[in-house]
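Undergrad: Based on what follows, work out the 3D shape:
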Amino acid sequence: MNENILKSLDSAEKENFQEGLKSLIEQTYVIENEYKALQASYESLRKMMSEIIEVLPTALWVLEGKTIILQNEQALKNEALLAHIDTLKANYELEYEGRFFIIKNINHEGKLIIQATDISDEKRNERLASMGSVAAHLAHEIRNPIGSISLLASTLFSRTELKNKHIVLEIQKATSRVERIVNSTLLFTKGVHINSRDFNLLELKDECEQIAHSYNFNAEIDFSFEFLDLKINADKALINLVLQNLIYNAIDAIEESETQNGKISIKSLLKEDELIIKVFDNGASIKDEKAVFEAFKTTKLKGNGLGLSLCKQIINAHNGKIGFEKDPKCFYFSLSMR
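TA: Purely as a prediction, here's the structure:
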């Protein structure tokens with residue numbers, strides 16, 4: 001039938017028909033190419049959106065009814081959190097397993113979009129700022145009466161009988177401990193500013209011996225302090241404070257474990273352009289490794305939760321590193337010698 005139609009056309013009509021057919025075919029190819037380009041663009045956009053969803057720092061779920069049709073990596077990491085989210089509240093704060101989340105629920109075209117943002121660090125910083133302010137105020141209030149007690153104890157020691165001097169010594173040790181806590185609190189709240197100078201590392205040995213004998217403890221402990229004959233540039237007073245806190249922590253760990261033969265040793269070594277100082281002890285193991293250097297967190301009866309956090313501030317101010325090892329147990333810090 002089509003052949004009959006073509007035969008009935010004259011040459012001009014045939015040419016027009018062929019041109020029209022050619023144009024139609026070309027348009028079909030154009031439309032097909034545009035469709036392919038649009039499909040590729042859609043796939044690219046879908047892939048980009050998927051990547052964006054994955055790198056979001058928040059947990060994201062998309063639910064249709066009670067079925068999860070989409071969730072990102074953060075959502076998979078916090079899978080158990082979803083069961084505790086109240087979907088009837090549009091925007092609220094949720095505490096779950098010691099962490100804090102901002103929850104947002106959005107209903108869109110029959111689907112529920114749930115977003116959970118972890119704000120634990122912000123909460124922690126907020127609490128630290130509040131606790132730091134209170135601690136600084138208390139430290140100032142305590143400082144004056146403790147100074148008076150310390151002065152009176154020194155006077156009493158020179159006037160008391162020999163048989164009673166040990167009582168005054170205990171008073172002096174107790175007031176010294178309070179003074180150390182006050183000074184550490186003020187230093188922590190004001191921030192650490194280093195005053196570096198050259199000094200020989202051997203000078204820290206005498207300081208450590210004085211630190212060990214000024215602390216009030218009942219356990220039998222052998223101390224060993226080994227320092228290199230090496231000149232370094234650092235804030236001697238602050239490095240001494242770091243060693244003081246690490247020695248006191250070691251003593252407390254030994255007393256807590258009730259070890260019969262307590263041993264605390266300090267060793268220093270050079271590794272390439274880095275000075276490493278390690279404080280070893282054979283006392284109780286570290287209980288909460290994640291909170292070791294966190295301020296106001298401690299598992300010790302004698303602790304105030306500031307010692308190791310302050311140590312970290314001091315070493316960070318020296319552009320050094322601080323950490324711990326479990327076997328053998330030790331705390332260490334390193335300073336660059338460049």
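
Undergrad: Tell me how far the residue nearest the centre of the chain lies from Asn125.
TA: In the chain, the centroid-proximal residue (Cα atoms, centre = their mean) is Glu294; its distance is 7.5 Å. Using Cβ to Cβ, to the nearest Å, Glu294 is found at 12 Å from Asn125. C-beta coordinates here come from the backbone N, C-alpha and C atoms, glycine included.

Undergrad: Glu161 too?
TA: The value you get for Glu161 to Asn125, if Cβ to Cβ is used, is 53 Å.

Undergrad: Likewise for Glu141?
TA: Applying Cβ to Cβ, the value for Glu141 to Asn125 is 25 Å.

Undergrad: My understanding was that Phe216 contacts Gln172; is that so?
TA: One thing to correct before we go on: residue 216 is Asn, not Phe. No. With contact defined as Cβ atoms under 8 Å, Asn216 does not count as touching Gln172 (9.8 Å).

Undergrad: Tell me which of these two has more neighbours.
TA: Gln172 (18 against 13; other Cβ atoms under 10 Å).

Undergrad: what helix or strand does the more buried one sit in?
TA: helix 165-190 (DSSP states H and E).

Undergrad: Check which element follows that helix along the chain.
TA: Counting by DSSP H and E, what follows helix 165-190 is strand 197-200.

Undergrad: could you say what helices and strands that next one packs with?
TA: Judged by 3 or more Cβ pairs under 8 Å, 6 or more residues apart in numbering; DSSP states H and E, the packing partners of strand 197-200 are strand 231-234.

Undergrad: Alpha carbons of the strand it packs on, in CSV - could you do that?
TA: Listed in CSV are the C-alpha atoms of strand 231-234, where the atom choice follows Å, rounded to 0.1, in the frame of the first residue of the first chain:
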residue,chain,number,x,y,z
LYS,A,231,69.6,20.5,77.6
ILE,A,232,66.1,21.2,76.4
ASN,A,233,64.0,24.4,75.8
ALA,A,234,60.6,24.3,77.6
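
Undergrad: Below-threshold pLDDT in the protein: ranges please.
TA: 1-11, 13-14, 17, 40-56, 128, 131-132, 135, 295-305 (pLDDT under 70).

Undergrad: Show me the strands in it, by range?
TA: 59-64, 67-71, 91-96, 99-108, 111-118, 197-200, 221-226, 231-234, 262-271, 274-281, 321-326, 329-336 (DSSP state E).

Undergrad: Determine which of these approaches Asn78 most closely.
TA: Closest to Asn78 of the strands of the chain, according to Cβ to Cβ: strand 59-64, at 4.8 Å.

Undergrad: Residues touching that closest one, excluding its own?
TA: 53, 68-72, 74-75, 77-78, 81-82, 101, 110-118 (Cβ atoms under 8 Å, 6 or more residues apart in numbering).

Undergrad: now stretch 192-207
TA: 225, 227-240, 243, 268, 275, 310, 313-314, 316-318.

Undergrad: Could you tell me which of those residues count as buried?
TA: 225, 227, 232, 234-236, 238-240, 243, 268, 275, 310, 313-314, 317-318 (16 or more other Cβ atoms under 10 Å).

Undergrad: Tally up the residues packed near the nearest residue to Leu112 once chain neighbours are set aside, please.
TA: Closest residue to Leu112 apart from its sequence neighbours, by Cβ to Cβ, 6 or more residues apart in numbering: Leu63 at 4.4 Å. By the criterion of other Cβ under 10 Å, Leu63 has 17 neighbours.

Undergrad: still on that earlier bit, disregarding flanking residues, what is the spatial nearest neighbour of the residue nearest to the centre of the chain?
TA: Per Cβ to Cβ, 6+ apart, closest to Glu294 is Ser309, 6.4 Å.
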